[in-house]
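In: Predicted structure and sequence below. I'll ask about it afterward.
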Amino acid sequence: MVGAVLFVSVVILAFSITHGSSGGKKAPAVKVAGNSINLLHGQWSYLLGASLKPDGLHVAHTGLSIVQQNGSGGQPNPPVNVYGTHLDFSGSFALNAEFSNVRGTASLQLYGKPPVIQDEFRVEPPSIRLDIASGKLTVGVWDGKATRDLANQKPASSQTFSFALAAATKLQLIHKANLLTVMVNDKQLASITERGALKSGQIWFGADAPGVNGSWTLSKLSAQPLAGGSVKTVDTSATATAKIAQSAGGLQMLASKKRPGFLVGSAMSLTPAVVDAKYSAIAFGGNFGAMTVENALKFQFVQPQPNLYTFQEADALVNLARSHNLTIHGHALVFGEANPSWVSHLPTTTTADKNHVRDVMIDHIAKIVGHFKGHVASWDAVNEPLADYSDTSDGEGATLRQHIWERALGQSYIPLAFRAAHQADPDAKLYLNDYGLESDGDRWDALVRLVLRLKKEGVPIYGVGFESHVYEAEEQIDTSVLRQHIRQLAALGLKSRISEMDVYTDDDAAVQAVQYAQVMTACIAEPSCVSFTTWGFDDDYDMWQGDDHSLQHGKDLLWTAGATPTLALTKVKEALKE
């Protein structure tokens, strides 16, 4: 369908409608209650794969998807305008849209709330998706309950309708309570259970062009209240940057008093930072002086296709962090995981193959670091270079991890990555980041040998990140050993940072509290340990995928239920006051 114009009207009404299919019925008359709002006059600069031009919002194929840790799968991750304009409504209103120049499929999705994105999966919230292709309209309805198989989430219902293609085709969705009536050119096609998709009173807009070389233009998008209804637009790029009162008892405020210049940080994601008021109050209210970009700078999120860079989400997080005076840490430039399928499947057989992999890696680093030059203060230049314990015969994980970069380039990929990042931004501090470094043994010895070699070769490595994940009793951190390792690196001229700490609660909340407090105390006491960062801070977003791909929730972080401090938080604060 090339060059056709599709006029879409989504009408949400407060009167009774007929259940079931009724192809010849006309749409009910509606009473306009106020002026139309042009939504395209809002903020759309941070919508991935889209650009606002004089003739409308141009939407292009991105191929964004989320792979598993082993590189398999590819859950679709269509873009959502989280850091920009969305619609708040009550009662009845009409939403009018116009599509033009559709090539392939035009997909417009209306979310009650934006999806939560993790590094291995996306949790689909209640939403309605309209897919238009070749004279067919598919209406998919998500109810927010498709989490039994995170890699294969399906809509609760989906129906496809045919319609005659015209230069201007009018589509109407009439919504009342839990029912949608679908209209095309004022003729009713069917009634669909809405399943609470718009129960929130908000519409967050997603736009996608699935399929290779797909594209389309959203020429118009407006909302108009009907009798008894109201509509207003909200720009989260403005509301999320509003100043937040700083608590004198916040973690960063306390740490700054104890040791000026020391940073307390956390990994953060865009959606909760702009959607969840409790989350943003914690994030920007004096608890943190640094933000680690949790996922938006990983390869699969920022370069989903060759030579296609989707910076917008990371741009939004950087803008948000800077507006709240947070130092930004980039994670991660080179990693064996979180790579898009096209990278994982690059051939490595011939010399030409290996040179191509090298070029892909260096170009990626140059583009990412260069784009954020002067804004991102530090980077995990190489993330988790050491093998998993289970991948080595002795169970020590003391060799290099096997992945696309190591297969093509051997151990030389590590200095190459650091040098490429340094060339792109000589002022950025570059870290090697890994887990299991808090204990003595072959893994730690292998790390020391690696950094010694890098230092000897003049590689611009600034420091080492100790991930400090504690998932079970056997992984509890002996802080006397941790401090010894920090001092050992300092003797080599390297800084240290606690980079991704989280602690299980299976044994007892008191055990968790002691671990957090002791590691904070150890780090802030060592002059070369420059920051303490947790991998998230709110248990509402502590999610992982079970062995059966079901959604699991944990209690590994410092706050729970959106704002309630844990015993661990209390103990960390006590340690900072000592």
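Out: Yep, it's here. Just so it is clear, the structure is predicted and the values come from calculations on it, not from any experiment. Numbering: from 1, shown residues only.
In: Report all helices and strands that the longest helix along the chain contacts.
Out: For the chain, the helix that runs over the most residues, judged by DSSP state H, is helix 351-371. If you count contacts as 3 or more C-beta pairs under 8 Å, 6 or more residues apart in numbering; DSSP states H and E, helix 351-371 packs onto helix 404-409, helix 413-424. Placement of C-beta: from N, CA and C, glycine included.
In: The longest one vs helix 351-371, what angle?
Out: Our comparison of helix 413-424 with helix 351-371, counting by axes from the mean of the first three to the mean of the last three C-alpha atoms, to 10 degrees, yields an angle of 40 degrees.
In: Residues touching the helix or strand that comes right after helix 413-424, excluding its own?
Out: Of the helices and strands lying after helix 413-424 in sequence (DSSP states H and E), the nearest is strand 429-434. By C-beta atoms under 8 Å, 6 or more residues apart in numbering, the surrounding residues in contact with strand 429-434 are 331-332, 377-386, 414, 418, 421-422, 447, 450-451, 454, 460-465, 467, 495, 497, 499-500.
In: what do you get for stretch 119-127?
Out: Contacts for stretch 119-127 (C-beta under 8 Å, 6+ apart): 66-69, 75, 77, 109-117, 141-144, 146-147, 150-151, 153, 195-200, 206, 294-295, 298, 337-338, 543-545, 551.
In: at 7 Å what do you get?
Out: By C-beta atoms under 7 Å, 6 or more residues apart in numbering, the list of residues contacting stretch 119-127 from outside reads 66, 68-69, 75, 77, 109-116, 142-144, 146-147, 150-151, 153, 195-197, 199, 295, 298, 338, 545, 551.
In: Put the alpha carbons of it into CSV.
Out: Output of stretch 119-127 as CSV, limited to C-alpha atoms (Å, rounded to 0.1, in the frame of the first residue of the first chain):
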residue,chain,number,x,y,z
ASP,A,119,17.7,-6.6,29.4
GLU,A,120,16.2,-10.0,28.4
PHE,A,121,12.5,-9.2,28.0
ARG,A,122,9.8,-6.7,27.8
VAL,A,123,6.6,-6.8,29.9
GLU,A,124,3.6,-6.0,27.6
PRO,A,125,1.1,-3.7,29.4
PRO,A,126,-2.5,-3.2,28.6
SER,A,127,-2.7,-1.7,25.1
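In: The stretch 401-550 of the chain: strands as residue ranges?
Out: Shown for the stretch 401-550 of the chain, the strands assigned by DSSP state E, counting those that start in this stretch span residues 429-434, 463-466, 469-470, 495-503, 529-534, 543-545.
In: Could you tell me which strands the next helix or strand after the last one is paired with, and in which direction each runs?
Out: Sequence-wise, the next helix or strand downstream of strand 543-545 (DSSP H and E) is strand 551-553. With DSSP bridges as the test, strand 551-553 is paired with strand 543-545 (antiparallel).
In: residues of the partner strand that come out buried?
Out: 543, 545 (16 or more other C-beta atoms under 10 Å).
In: One more: stretch 342-357?
Out: Applying 16+ other C-beta under 10 Å to stretch 342-357 flags 343-344, 346, 354, 357 as buried.
In: angle of the longest helix of the chain against strand 429-434?
Out: Using the same axes, to 10 degrees, helix 351-371 lies at 120 degrees relative to strand 429-434.
In: Tell me which residues are up against helix 351-371.
Out: 297, 299, 302-303, 309, 311, 333-334, 343, 346-348, 379, 404-405, 408-409, 413, 416-417, 420-421, 424-425, 428.
In: Just the buried residues of the residues you listed.
Out: By 16+ other C-beta under 10 Å, the contacts of helix 351-371 give 297, 299, 302-303, 311, 333-334, 343, 346, 379, 404-405, 408-409, 413, 416-417, 420-421, 424-425, 428 as buried.
In: Can you name the residues that contact residue 339?
Out: Applying C-beta under 7 Å, 6+ apart, we find residue 339 in contact with 71, 299-300, 404.
In: Closest to residue 130 out of those residues?
Out: Set against residue 130, the nearest of these by C-beta to C-beta is residue 300 (26.3 Å).
In: give the contact list for the closest one.
Out: 66-67, 338-340.
In: For the residue lying closest to it once chain neighbours are set aside, what are phi and psi?
Out: Of all residues not flanking residue 300 in the chain, residue 340 sits nearest, at 4.3 Å (C-beta to C-beta, 6 or more residues apart in numbering). Main-chain torsions, residue 340, degrees, to the nearest 10: phi -70, psi 160.
In: Distance of residue 340 relative to residue 404?
Out: According to C-beta to C-beta, to the nearest Å, residue 340 and residue 404 sit 11 Å apart.
In: one step back: chain center to the longest helix of the chain: distance?
Out: 23 Å (C-alpha atoms, centre = their mean, to the nearest Å).
In: after that helix, next one along is what?
Out: Next element after helix 351-371 (DSSP H and E): strand 378-383.
In: so residue 193 bridges to which residues?
Out: residue 179.
In: show me where the stretch 251-400 of the chain has helices.
Out: 251-258, 270-275, 277-284, 299-302, 312-323, 341-344, 351-371 (DSSP state H, counting those that start in this stretch).
In: And the average pLDDT for the fourth one is what?
Out: pLDDT averaged over helix 299-302 equals 97, rounded to a whole number.
In: can you check the fifth one too?
Out: Averaged over helix 312-323, pLDDT sits at 98.
In: what's the neighbour count on residue 327?
Out: Close neighbours of residue 327, defined as other C-beta atoms under 10 Å, add up to 17.
In: who touches the residue nearest to it when sequence neighbours are not counted in this structure?
Out: Leaving out its chain neighbours, the residue that sits closest to residue 327 by C-beta to C-beta, 6+ apart is residue 290, at 4.4 Å. Residues near residue 290 by C-beta under 7 Å, 6+ apart: 263, 265, 326-327, 329, 531, 533.
In: which residues pair with residue 290 across the strands?
Out: Beta-bridge partners, per DSSP bridges, of residue 290: residue 265, residue 327.
In: measure it to residue 316 for me?
Out: Counting by C-beta to C-beta, the gap from residue 290 to residue 316 is 17 Å.
In: do residue 185 as well
Out: 38 Å.
In: Compare these two and say which is more crowded by neighbours.
Out: Neighbours were counted for residue 185 and for residue 316 using other C-beta under 10 Å; residue 316 has more, 24 against 15.
In: on that earlier part again, ok, which of the strands of the stretch 401-550 of the chain comes nearest residue 249?
Out: strand 529-534 (16.7 Å).
In: Could you list the low-pLDDT ranges of this protein?
Out: 1-33, 166-169, 175, 177, 562-563 (pLDDT under 70).
In: Quickly list the domain ranges of it.
Out: 5-238, 261-577 (automatic domain parsing).
In: just so I have it, where are all the strands in the stretch 151-300 of the chain?
Out: Using DSSP E, counting those that start in this stretch, strands in the stretch 151-300 of the chain cover 157-162, 168-176, 179-184, 187-193, 202-208, 215-225, 230-235, 263-268, 290-293.
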